[in-house]
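Chemist: Prediction below, plus the sequence it came from.
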Amino acid sequence: MKKLYIIRHAKSSWKDERLNDFERPLNKRGKSNAPMMGERLKEKGVMPDIILSSPAKRAKSTAEMIAKEIGYEKKVLFDENIYESSVDELHKILTEIDDKNSTVFLVGHNPSLNALAEYYVNFSQDIPTCGIVEIAFECDKWAGIEHKNAKLLSFDYPKKSES
């Protein structure tokens with residue numbers, strides 16, 4: 001089985017209008033939400049084998065904060081193809097992951113992540129900033145992941161009330 005955590009970057013700042021989209025940092029809420037979501041993952045005992053992230057500043061910060069919170073000690077891998085990518089591009093990135101990795105965090109942006117979740121599990125909700133969609137695939141190889149063997153396991157986001 002392969003597990004994918006689709007993670008949208010935390011809330012970003014629009015304060016400095018001189019910054020291009022790629023350079024936008026996290027705002028105050030984003031800086032508190034990313035560690036909080038990392039803590040929730042840690043409480044569930046989630047530890048990825050690999051973290052792939054967009055190199056855009058807000059995604060990079062989100063990935064690094066979550067990694068720190070869960071005690072992930074490897075390097076976060078940044079792939080420029082995740083930024084402004086299509087579902088096909090994201091699917092291709094995922095299918096090329098080394099099969100020794102069973103659990104993957106993919107940190108990126110909407111609308112791509114929403115479209116990816118919809119493609120795999122007909123997920124129709126909007127993934128809010130710092131939202132996490134957990135999907136399991138009944139297969140042994142990343143090259144074999146597809147909607148036919150995908151199952152939505154959980155959906156969490158900062159404003160979701162804890163039950």
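Modeler: Perfect, I can see it now. Quick caveat, the model's predicted, so the values are computed rather than measured.

Chemist: Quick check: residue 94 touching residue 146?
Modeler: No. Contact criterion C-beta atoms under 8 Å: residue 94 and residue 146 do not qualify, at 10.4 Å. Placement of C-beta: from N, CA and C, glycine included.

Chemist: which of the two has more neighbours?
Modeler: Counted by other C-beta atoms under 10 Å, residue 94 and residue 146 do not tie: residue 94 has more neighbours, with 20 against 13.

Chemist: so what pLDDT did residue 161 get?
Modeler: Listed pLDDT for residue 161 reads 66.

Chemist: What segments of this protein are helices?
Modeler: 28-43, 57-70, 87-95, 112-121 (DSSP state H).

Chemist: For the last one, what does the pLDDT average out to?
Modeler: Rounded to a whole number, the mean pLDDT of helix 112-121 is 98.

Chemist: ok, now the longest one?
Modeler: This predicted structure assigns helix 28-43 an average pLDDT of 97.

Chemist: The helices of the chain: which one's closest to residue 4?
Modeler: helix 87-95 (6.8 Å; C-beta to C-beta).

Chemist: just checking, what packs against the closest one?
Modeler: With contacts defined as 3 or more C-beta pairs under 8 Å, 6 or more residues apart in numbering; DSSP states H and E, the packing partners of helix 87-95 are strand 103-108, helix 112-121.

Chemist: hey, which of those is tucked in deepest?
Modeler: For these, the largest average neighbour count (mean count of other C-beta atoms under 10 Å) is found in strand 103-108, namely a mean of 24.

Chemist: who's in contact with that one?
Modeler: With C-beta atoms under 8 Å, 6 or more residues apart in numbering as the test, strand 103-108 has contacts from 2-9, 46-54, 59, 62-63, 66, 82-83, 85, 90, 93-94, 97, 113, 116.

Chemist: and it with helix 28-43, angle?
Modeler: Following axes from the mean of the first three to the mean of the last three C-alpha atoms, to 10 degrees, one obtains 170 degrees for the angle between strand 103-108 and helix 28-43.

Chemist: Which pLDDT value does the model give the residue with the largest distance to the centre of the chain?
Modeler: What lies farthest from the middle of the chain is residue 18; by C-alpha atoms, centre = their mean that is 26.9 Å. On pLDDT, residue 18 comes in at 91.

Chemist: Thanks a lot, catch you later.
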